[in-house]
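Asks: structural data only, the sequence is not supplied:
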C-alpha cells in the first residue's frame with residue numbers, strides 16, 4: 001500500500017449507566033434484579049492537552065492514536081471499514097481508546113481539518129466521519145481552485161488561502177451538512193489557535209514519531225511501524 005507522503009506544509013496543494021437494583025419480594029416468589037447495562041465507552045469524548053480528540057476509556061490498556069489526512073483515500077477506507085471494528089471490538093468495552101491526530105498533507109487537508117474541528121468537541125467524531133465518508137464527493141472540486149487562491153498558498157497567507165479553498169471548492173454546503181453553518185465556518189477558518197494546534201500536531205508527528213504518511217498509528221506512545229490497516233493494527 002502506498003502511503004501519502006508529506007509535502008511542504010504551506011506550498012503543497014499546498015465518550016456506567018447502572019439500572020436500579022430493585023428486588024420485589026413476596027411470600028411466594030422473588031424477582032431477580034435487572035442486570036446492569038454494560039458501559040459503552042464510544043460515547044466518552046475527551047480532548048488531550050495538545051488538542052486531539054479522544055474516544056473511549058481514558059484509562060484504557062491500549063491508547064491508540066491515528067494520524068489522519070482528509071484527502072487521503074486510505075484514511076477514508078480505514079474510517080469506513082477499520083474504525084467500526086475497532087470501536088466494537090476494543091473501544092466500546094474500554095479496552096482501547098482512539099485519539100485522532102491531524103496530519104495535514106496539503107492546503108486542502110488543512111482547510112478540511114479546520115472545518116472538522118469547528119463545533120462542539122463531543123460531536124467531533126461525527127464531523128470527522130462525515131468528511132472522510134464524503135471525500136470522493138468534495139475532493140473533485142480541487143480542480144476548481146483559482147489562480148488567486150494558489151497565489152495565496154505561495155504567499156503563505158494561510159487564513160486567506162483556506163477561505164479561498166472553502167469558497168472555490170464549494171465546501172460551504174458540505175460544512176453545513178456536517179452541522180457547521182457559514183458564519184461559524186468562516187470564524188473557524190480565521191482562528192489562529194486552531195491553526196497553531198494543527199501545526200504542532202504536524203511537527204510532533206515527524207519529530208517525535210517519525211511519521212510522514214497517513215493513516216499511521218501510535219500505540220501507547222510507540223509508533224506502529226508498517227501498520228496502515230485494521231488487520232495489521234489488530
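Replies: That came through fine. Owing to the predicted nature of the structure, the values given are computational and were not obtained by experimental measurement. Residues are numbered from 1 along each chain as shown.

Asks: give me every residue that touches residue 51.
Replies: Residues in contact with residue 51 (Cβ atoms under 8 Å, 6 or more residues apart in numbering) are 197, 200, 201. C-betas here are computed from N, CA, C, even on glycine.

Asks: try 6 Å
Replies: By Cβ atoms under 6 Å, 6 or more residues apart in numbering, the contact list for residue 51 reads residue 197.

Asks: three-state assignment of it?
Replies: coil (DSSP: H, G, I helix; E, B strand; the rest coil).

Asks: give me phi/psi at it?
Replies: Backbone torsions of residue 51, given as degrees, to the nearest 10, read phi 90, psi 10.

Asks: do the one 3 residues further on as well
Replies: Summarising the backbone geometry of residue 54 under the convention degrees, to the nearest 10, its torsions are phi -120, psi 130.

Asks: I figured it hits residue 99, correct?
Replies: Yes - Residue 54 lies in contact with residue 99 (Cβ atoms under 6 Å); the separation is 4.5 Å.

Asks: quick one: which of these two has more around it?
Replies: residue 54 (23 against 19; other Cβ atoms under 10 Å).

Asks: that one pairs with what?
Replies: Note on residue 54: beta-bridge partners by DSSP bridges are residue 46, residue 99.

Asks: list the contacts of it.
Replies: Taking Cβ under 6 Å, 6+ apart as the test, what residue 54 contacts is 46, 48, 97, 99.

Asks: show me what contacts the last one?
Replies: Put plainly, it is residue 99. The contact partners of residue 99, taken as Cβ under 6 Å, 6+ apart, are 52, 54, 65.

Asks: now the helices for the protein?
Replies: Along the chain, the segments classed as helices by DSSP state H run 73-77, 83-86, 107-117, 124-133, 135-139, 147-155, 158-168, 171-177, 182-189, 192-209, 230-233.

Asks: which residues of this structure score low on pLDDT?
Replies: Within the chain, the segments meeting pLDDT under 70 span 1-37.

Asks: at 90 what do you get?
Replies: Within the chain, the stretches with pLDDT under 90 are 1-39, 181-182.

Asks: tally of neighbours for residue 176?
Replies: 13.

Asks: tell me how many other residues crowd residue 96.
Replies: 22.

Asks: you'd agree it is up against residue 61?
Replies: No - using Cβ under 6 Å, residue 96 makes no contact with residue 61, being 7.1 Å away.

Asks: look up the closest residue to residue 211, ignoring the ones flanking it.
Replies: With sequence-adjacent residues excluded and distances taken as Cβ to Cβ, 6 or more residues apart in numbering, residue 211 is closest to residue 205, at 4.4 Å.

Asks: how about residue 98, what does it touch?
Replies: 55, 56, 64, 91.

Asks: of those, which is the most crowded?
Replies: When the contacts of residue 98 are compared by neighbour count (other Cβ under 10 Å), residue 56 ends up highest, at 29 neighbours.

Asks: is it true that it touches residue 90?
Replies: No - taking contacts as Cβ under 6 Å, residue 56 lies outside contact range of residue 90: 8.3 Å.
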